[in-house]
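Q: Give me a model of this one.
(2 chains)
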Amino acid sequence: MTKIVRHVNMEILHYSFIKYSIISGIFIAIISGVYSFFIVMRKLSFLSVGISHSALAGVALGYLLGINPYLTTFIFCIITGFLIGKLTKMGNIEYDTSIGIFFAFTMAVAIFLIFFGNIKVNIVSYLFGSIIGVSKFDMFFTLSIFIFSLLFYILFFKELIFITFDEEVAKVSGINVGLFDSIFLIILTIIIVACIKLVGIIMTSAFLILPTSFALNFSKDYKFIIVLNILFSIVSFIIGFILSFNFDIPVGATIVIVSTILYFFSMVKNVA
Amino acid sequence: MSNAIEIKSLSIKFNKKIILDNINLQIKENSITAIIGPNGSGKTTFIRAILGLQPKYSGQVKIFNYISPDYPKGLIGYLPQKNVYNLKFPSKVIDIVVMGRYPQIGFFKLPSKNDIKIAEKCLDRVGILSYVNDYFQDLSAGLKQRVLIARALAVEPKLLIFDEPSTGLDIISQQEFYNLLIDLKKEGLTIVVVTHDIGIISKYVDSIIGLNKKIHFYGTPEDSMTQKNLENIFGKDFSFIIHDKNCETCKYGNTSL
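A: Numbers count the residues shown, from 1 in each chain, chains lettered A, B, ... in the order given. Purely as a prediction, here's the structure:
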């Protein structure tokens, strides 16, 4: 391990894309750590999976139309999120069924667009993430998402907690739960969009689910859990990033493997 | 005494099925009213309409002359049914009760020392101040219910609405709960309770509403709790037993199904 870290010290900061990746990764780690609590507690884990997978169609659409894939991915993910909600209500089905339908449909749309659009872009890097894929623009894009999401969290912390615990009484208390849900969905989507380049579409949901799963093994107080989430995400990112750089393996997958191992270690406490 | 709740021609349909049919009633200020009825009779839908949570209905609902759903913040304290909130939510008891203060605190502010003090006072009223720093998820069902009653009180509302509040409470705690309602009424509150405790409520409430899609009866316990009335809403197989007719302290309530 010492050898690896020394090696990293010598080379890692020579490349500007590495700096962009590290800074973006830290922003993503903090914000996904914060929102992980609300996603897990509101049982929206599978929704984050559904939305993140729909991103592939958004990326493909962007390349097909020749416009910034971030924009098309964001719009596509938002539409998917709202349609999942609509289908659940109108189709008289459960949330997971509705997500399952859109999960398959959006992946099919993505494959359709890639196949018929003859898209030459390296889709694998979007699926699994890439260190070299992060540009200066991506870093500032992630920074703006970070600021917006964090500001919303700080300003409406107690309302978010109230809705997460008891939506019905929150409504009676005068909180516009519908509006908060819509903003929450937008934030969830932009975090997913921010994650895609570095972490990859397939791995993004783990970033949003594992921190709280880990922290719940150590605390029964949401305030401490959110702090622990952030620490967990940052540590997982740094270890995963170093390993990924040294062994030239996809960064998203490495971070998720590190996070999952840490989560299993946290389980030992419960088993013991 | 003026009306706390006024309902005119309230009807609710869901998928062409009638849930509530032309409800008209007034509930007096500073009173305790129980709503009874079998499962699926529309009790929860009815209180959701009062609370302003029901998106589609016809008719008019007013609370203290405010038309639903445009109520001022902090007008209503509400205890929902057990299945609507997150039972495993990781939080200290005090933080749950302080949520009751959020309407008064407003946006962009954190609870003050005074809010914490009010929350502690409410925990004391329901007899669980010693659990203030315990974790909510570790509590028994009965204690969780008391925490949420304390949260409804922390709103310092004019109207309290409880949906099946005695679920999970043992018989002693049930009696303590209904005694608490009497104390709260003395302080000027109006209380509406949806309940299945038809064996004991008559001792504690001013009036009883028998609901099964429409109002079958509404009046004092003496007038309401009759074999015929209860058969009307619960069905013909219903049997109504008065355990001790001569028991003065039992009033009209020492009954069971």
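Q: Spell out which parts of chain B neighbour chain A.
A: Proximity of chain B to chain A (C-beta under 8 Å from any C-beta of the partner chain) is limited to residues B:51-53, B:71, B:73-74, B:76, B:78, B:80, B:84-86, B:89-92, B:95-96, B:99, B:102-103, B:105, B:107-108, B:110-111, B:135, B:137-138, B:151, B:155. In this view, the C-beta of every residue, glycine as well, is placed from N, C-alpha and C.
Q: all helices of chain A, in order?
A: Ranges of helices in chain A, per DSSP state H, are A:2-11, A:16-41, A:45-65, A:69-90, A:95-117, A:123-128, A:136-155, A:157-165, A:167-172, A:177-199, A:201-215, A:222-247, A:251-271.
Q: And the stretch 151-257 of chain B, by the same measure?
A: Along the stretch 151-257 of chain B, the segments classed as helices by DSSP state H, counting those that start in this stretch run B:171-186, B:221-224, B:227-234.
Q: Would you indicate which residues of the last one are buried?
A: In other words, helix B:227-234. B:229, B:230, B:233, B:234 (16 or more other C-beta atoms under 10 Å in any protein chain shown).
Q: Can you spell out which helices and strands pack onto that helix?
A: Here helix B:227-234 touches strand B:207-212, strand B:214-219, going by 3 or more C-beta pairs under 8 Å, 6 or more residues apart in numbering or on different chains; DSSP states H and E.
Q: which one of these lies closest to residue A:59?
A: strand B:207-212 (54.4 Å; C-beta to C-beta).
Q: Tell me the strands beside that closest one, with direction?
A: Strand pairing for strand B:207-212, using DSSP bridges, gives strand B:32-36 (parallel), strand B:214-219 (antiparallel).
Q: Same list as before, these that is, but in CSV and with mean neighbour count and mean pLDDT included.
A: Compiled in CSV, the strands paired with strand B:207-212 are given as follows (neighbours: other C-beta atoms under 10 Å in any protein chain shown; pLDDT from 0 to 100):
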stretch, mean neighbour count, mean pLDDT
strand B:32-36, 24, 95
strand B:214-219, 18, 94
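Q: Output those as TSV; include the columns distance to residue B:147.
A: What follows is those, written out as TSV (distance: least, C-beta to C-beta, whole Å):
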stretch	distance to residue B:147
strand B:32-36	22
strand B:214-219	32
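Q: Next, the contact list for the residue sitting nearest the centre point of chain B, please.
A: The centroid of chain B falls nearest to residue B:162 when counting by C-alpha atoms, centre = their mean (1.9 Å). When contacts are counted by C-beta atoms under 8 Å, 6 or more residues apart in numbering or on different chains, residue B:162 touches B:78, B:79, B:149, B:152, B:191, B:192, B:193, B:194, B:195.
Q: Show me the contact partners of whatever helix or strand the third one lives in.
A: Residue B:149 is part of helix B:141-154 when elements are defined by DSSP states H and E. Outside helix B:141-154, the residues within contact range by C-beta under 8 Å, 6+ apart are A:169, B:77-80, B:82, B:85, B:87, B:93, B:96-101, B:118-119, B:122-123, B:125-128, B:131, B:136, B:139, B:160, B:162, B:165-170, B:173, B:177, B:180, B:184.
Q: Skipping its backbone neighbours, what lies nearest residue B:126 in space?
A: residue B:146 (4.4 Å; C-beta to C-beta, 6 or more residues apart in numbering or on different chains).
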